[in-house]
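In: this is the structure alone, sequence omitted:
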Ligand code: FES
């Protein structure tokens, strides 16, 4: 299991144990994190799994695909340089200690 920290807009930190090989979205939903909606179930069609990746952790992640990049234009909260879709973040040991921030809204 890989420990990932999700920070709510109010500053509350939620630490989830994410399964290797799964996605960050799946780990967050399994842990009952309400700030991740994931309406499409991970098929990159909804952008309701939007997160802001901690700047210092960005280098741990592979580059986003063209499809993810396009879908990020549809996020409810403002898109930033560090915006990612959590369904496209695959959990591996290199992500231990990753921190992401939840946006104000997913709708
Ligand atoms: S869950 Fe729908 S785009 Fe990530």
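Out: Good, I have the coordinates. Everything numeric here is computed off the predicted structure, so don't read it as measured data. Numbering: from 1, shown residues only.

In: in this protein, which residue is closest to the centre?
Out: Residue closest to the mean C-alpha point of the chain, counted by CA atoms, centre = their mean, is residue 86 at 2.8 Å.

In: quick one: contacts for that one?
Out: Going by CB atoms under 8 Å, 6 or more residues apart in numbering, residue 86 touches 23-25, 28, 36, 38, 49-51, 100. Just so you know, the C-beta spots here come from the backbone N, C-alpha and C atoms, and that holds for glycine as well.

In: change it to 10 Å
Out: 4, 6, 23-29, 33, 35-36, 38, 42, 48-51, 53, 100, 102 (CB atoms under 10 Å, 6 or more residues apart in numbering).

In: next to the ligand, which bits of this structure? Give me the list.
Out: 25, 38-40, 42, 44-49, 71, 85, 87 (CB under 6 Å from any ligand atom).

In: now the buried members of the contacts of residue 86.
Out: 4, 6, 23-29, 33, 35-36, 38, 42, 48-51, 53, 100, 102 (16 or more other CB atoms under 10 Å).
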